[in-house]
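> how would this look folded up:
(chains A and B)
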Protein chains: 2
Amino acid sequence: MYNERAYKLGSKRSTIREIFEYAKKRSGEIGAENVFDFSIGNPSVPAPDAVNEAIVRIVNEMPSVALHGYTSAQGDKGVRDKIAANYTKRFGVALSGDDLYMTCGAAASLTVTLRALTCEGDEFIVFAPFFPEYAVFVQGAGAKLTVLASDPKTMLPDFAALEKALNPHVKGVLINSPNNPSGVVYGEETLKKLAGLLEKKSAEYGNPIYLISDEPYRELIYDKETVVPCPMKYYKNTFVCYSYSKSLSMPGERIGYIAVSPQATDAKALYAAVCGAGRELGFVCAPALFQRVAAECDGMTADLSVYKRNRDLLYNGLKDCGFTCIYPDGAFYLFMKAAEEDGAAFCERAKKYELLLVNGADFGAPGWVRIAYCVQTERIEKALPLFKKLAEEYGLC
Amino acid sequence: MYNERAYKLGSKRSTIREIFEYAKKRSGEIGAENVFDFSIGNPSVPAPDAVNEAIVRIVNEMPSVALHGYTSAQGDKGVRDKIAANYTKRFGVALSGDDLYMTCGAAASLTVTLRALTCEGDEFIVFAPFFPEYAVFVQGAGAKLTVLASDPKTMLPDFAALEKALNPHVKGVLINSPNNPSGVVYGEETLKKLAGLLEKKSAEYGNPIYLISDEPYRELIYDKETVVPCPMKYYKNTFVCYSYSKSLSMPGERIGYIAVSPQATDAKALYAAVCGAGRELGFVCAPALFQRVAAECDGMTADLSVYKRNRDLLYNGLKDCGFTCIYPDGAFYLFMKAAEEDGAAFCERAKKYELLLVNGADFGAPGWVRIAYCVQTERIEKALPLFKKLAEEYGLC
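Presented below is the predicted three-dimensional model:
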C-alpha cells in the first residue's frame, strides 16, 4: 500500500532523535538543569549578525518579484559567481559559478550528487565512523554502501582495507572532514594518499572513482595549525558537498552547494547530471533569499570560541578521568572509547548519571561513543564530575 | 560514468526554458518591448506586504538559534498546528498539525508523496493536459505514468477512459486544479464522480487507489462563482500537495506542505512513509524562516486583480479573433486550440509576430498551445493586435 522502506525510515526514529526525546521527557521529570544531553549536533551559538542584517537589507532593497521569484535551477548566477570567486581566493583552485550548484543544504548536496552518479550495480565506500544518514542517502540513490574501518588510533582511513575493497563497481568514496562523529580532520598527507590510490585504481578500471567530500564542518576548526585541505587540489574527480548550516549556525534554512571540480573528466556532463538529479528529486531551486544571504556571508563563521572552549574543557576533562578520546581537530563532536566492550551498555551506565551519549555503533564504530559538545559551556563544567564518577565505576581513575 | 537519466534531464532543457532563453536573445536583437513572452509561469505581482513584514518581524523577534535552527523533520509544530487549524476553518475538514508535513514547495510535495507511495510495478494516472514535470517525478519515484485524455470541450477528466485504464497496479491518480496549463477548475461534480469511481475500484482491487491533488494554484481564481473544492471532503485516501509559490508570489523560497487526510486508511503509516521519503530524498526540514512566514500569511494572496484583468482581456480578445479557447477559471494560463493541426508549426507561425507560446504537445495535448498571462497587462494589450494578424493568416477572422 505504500513504500515499505520509506515507512520504516519515517517510523523508526534515529537513535539520536530518540535520545533527544528521552532528554525532553527526563527534563520534565528532574529538571532540564539536571539532564546532560550531548546527543544532538545542533549549533548552539547564534548566526553571525551579518546573517540577519543581510536578510533585512535584501528584503528592503530588492524588488519582491526579483527577490522571491525562481532563480535558475542551479542557483542565481550572481550568487554562484560570488561564492566561486571566494572559493578560488580561499582555496587556490580555479572554480567558476558554472561549476557550482546551489542546494537545500548538505543532505540535498549528497542526495543530488549520489543520484547524479549512481548507475545500476554501483557501490560507494565510506570509512567508519560515519554519519549514519549516508546509508539512507546511498540506498535511496539505488547504490550499495560499503563501510570500511579506520585506523582506531587516528580515525584516519585504513588504506590497506581501501585498496582491498576497491573494485570496478565502486563509483565513489565518500569522506567527511572535519568528521562527524570523530572530529578528526584529514590532512594533506591523507588526501594525497587517497588521491594516489583512487587515481591508480581509476586507471586500472578505466573508469573514474569519484571522491565525494562532505564538508559541512569545514570552518569549525580550533587550532592554528589545523588546516582543512581542499580535496580538489589533490584529486580531479571530486565533488565538494557543502552546507552553511554549521558555519553560519542556520541549519534550519537549508542552504548549501555542490562544487563539481572543473578538472573532472567530463566535468560539464557531471554538472548536467547534478542539475538533472536535482530536478528529478524535486528541488527546483535552493531557497532564493538564503542563496543571497549565503553569498553575502560566505566565508564568515558564527562565534566559534564557545566550541573551542568546550572542546578543550571536555577533551582535557575526559582524559583526566582516564577515558580514551580521539583529539577533535574540528566539528563539535568528541569520540570516546566506551569503558566496556558494549557501547550500548556503557551509554546505559552513563544514563544513570543523566549523561546522554550516542552509541558509536550507530556510526559504524562499536565500542565508542559520540559526545556532541555544541552546548552551553556550563553544561560541560557540570557534567565533568559526573563523567568522573562514571570513570570511577570502571576503575579508570 | 554517471546516471544517464539525470544527465538527460539536466542537459535537455524543458521547452518552456528554451523559449524563455530565446526570448532573452530575441529581446537583445529587437528590444524587449517588441517580444511577447507568454512562456513562463512566474508570478508577475509582488508578494503581499505581509510576507516581507513577517520576515523582518520574525528576524527581529526570535532568538537566532531557535529561528535558524533545525525544525522537526515534518516542520515546526506551531507552524503545522496553525496552518492545519486554518485549513479546517477554510475548507471544513478536520485536519491537525500531525497530518501536515512541511515541504520545499510543490515539486517536493510531489516527489515526497510519490516516493512514499511507490512500490515496484506501480502506476500513476494523470489527465492531459498536465504539467510535464509530473512525468519526471513519477519516473524518478520508480513508477510508470499513464496519461489519459480529457474531454476536449471542457478539459475535465474523461471518466470512461479512466474506468478503462484503472487496474490493480494503479497506486494513484494525480489531479491539478486549477490546472496548469488549461486553467480549468474541477468542480464538486467532477470530484464526486472521481471519488465514486476510485472507491468502487479500490474496493474491487482490495487496495486503496490514492488521489494526489496538486494545488499550487488553489487561490488563483477570478470569478465569484468559482470554488475549488477540497478533495478530502469527497475522498478519504487523499494527499493534498500544496505550495505557497503562486498564492504568495514567492516561488523562489520553496515552501509548501503535504496534507495527508486523517480519514485515509492507515493514515498514520502513510504519514510515516511521507516522513521517511522526505528523509531519503535529503529534505531534512523545510526552510525554517519561511515555514513561519507561511504560517503567518497562510490564506492570504498576492494582488490577484492583475491576473483577473489579464485573463478577461486575453480570453475575450482571443475569442474575438476567432480562436477556440478554454475558459480559464483559475491559475494564470490560457489554453487555446492551435489554428492548424500541428501545434509546433502554429507556435512557429506565432513567433513571426514575436508571440512566444508553448506547444500543447508538451503538456500531452497536441494541437493546443499554452499562453501564460502572468505578465504586465500592457503586454497583452499590445499583443492582441498581433494575435489578430495571426488569426487572419489562418482565416479565422
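> Close to chain B: what parts of the stretch 201-350 of chain A are there?
Taking Cβ under 8 Å from any Cβ of the partner chain, the part of the stretch 201-350 of chain A that reaches chain B is made up of A:207-208, A:249-254, A:265-266, A:269-290. All C-beta atoms are positioned from the backbone trio N, CA, C, and that covers glycine.
> Separate out the buried members of those.
Among those, those classed as buried by neighbour count (16 or more other Cβ atoms under 10 Å in any protein chain shown) are A:207-208, A:249-254, A:269-290.
> just checking, A:Ile58 touches A:Leu67?
Yes: A:Ile58 sits in contact with A:Leu67 when judged by Cβ atoms under 8 Å, with a separation of 6.6 Å.
> Can you check which residues contact both of the two?
Contact criterion Cβ atoms under 8 Å, 6 or more residues apart in numbering or on different chains; residues bridging A:Ile58 and A:Leu67 by contacting each: A:Leu289, A:Arg292.
> From chain B, how far out is A:Met1?
Counting by Cβ to the nearest Cβ, to the nearest Å, the separation of A:Met1 from chain B is 6 Å.
> Assumed A:Val369 was part of a strand.
Yes: residue assignment for A:Val369, taken from DSSP: H, G, I helix; E, B strand; the rest coil, places it within a strand.
> was I right about A:Tyr234 contacting A:Thr190?
No: contact status for A:Tyr234 versus A:Thr190: not in contact, 9.5 Å apart, counting by Cβ under 8 Å.
> where does chain A dip in pLDDT?
For chain A, no stretch is flagged by pLDDT under 70.
> quick one, strands of chain A?
In chain A, strands defined by DSSP state E lie at A:36-37, A:100-103, A:123-127, A:144-148, A:170-176, A:210-214, A:238-243, A:256-260, A:333-337, A:355-356, A:358-359, A:368-372, listed in chain order.
> Now render the ones you listed as a markdown table, adding mean neighbour count.
Conversion of the strands of chain A to a markdown table gives the following (neighbours: other Cβ atoms under 10 Å in any protein chain shown):
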| stretch | mean neighbour count |
| --- | --- |
| strand A:36-37 | 22 |
| strand A:100-103 | 28 |
| strand A:123-127 | 24 |
| strand A:144-148 | 18 |
| strand A:170-176 | 24 |
| strand A:210-214 | 26 |
| strand A:238-243 | 26 |
| strand A:256-260 | 28 |
| strand A:333-337 | 24 |
| strand A:355-356 | 22 |
| strand A:358-359 | 25 |
| strand A:368-372 | 27 |
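> can you redo the ones you listed as TSV with distance to B:Leu357?
Written out in TSV, the entries for the strands of chain A read as follows (distance: least, Cβ to Cβ, whole Å):
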stretch	distance to B:Leu357
strand A:36-37	59
strand A:100-103	31
strand A:123-127	45
strand A:144-148	47
strand A:170-176	42
strand A:210-214	42
strand A:238-243	39
strand A:256-260	35
strand A:333-337	56
strand A:355-356	61
strand A:358-359	57
strand A:368-372	56
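> and of the ones you listed, who's closest to B:Gly360?
In terms of Cβ to Cβ, the element of the strands of chain A nearest to B:Gly360 is strand A:100-103, at 31.4 Å.
> In helices, which of the buried ones among the residues of the stretch 201-350 of chain A next to chain B appear?
Within those, membership in helices is found for A:269-281, A:288-290, as judged by DSSP state H.
> of all the residues you listed, which two lie farthest apart?
Of all pairs drawn from these, the one with the longest distance (Cβ to Cβ) is A:Ala269 and A:Leu289, at 31.2 Å.
> give me phi/psi at the residue lying closest to A:Ala73 once chain neighbours are set aside?
What sits nearest to A:Ala73 in space, not counting adjacent residues and going by Cβ to Cβ, 6 or more residues apart in numbering or on different chains, is A:Cys285, at 5.5 Å. The phi and psi values for A:Cys285, taken as degrees, to the nearest 10, are phi -160, psi 160.
> Could I get the contacting residues of the most centrally placed residue in chain A?
Nearest to the centroid of the C-alpha atoms of chain A, with distances taken as Cα atoms, centre = their mean, sits A:Pro216, at 4.7 Å. Taking Cβ under 8 Å, 6+ apart, we find A:Pro216 in contact with A:Ala106, A:Asn180, A:Tyr242, A:Ser243, A:Ser245, A:Lys246, A:Ser247, A:Gly256.
> likewise A:Leu211?
When contacts are counted by Cβ under 8 Å, 6+ apart, A:Leu211 touches A:Gly172, A:Val173, A:Ile175, A:Leu194, A:Ala195, A:Leu198, A:Pro231, A:Tyr235, A:Asn237, A:Thr238, A:Phe239.
> how about a cut-off of 7 Å?
Residues touching A:Leu211, when contacts are defined by Cβ atoms under 7 Å, 6 or more residues apart in numbering or on different chains, comprise A:Gly172, A:Val173, A:Ile175, A:Leu198, A:Pro231, A:Tyr235, A:Asn237, A:Thr238.
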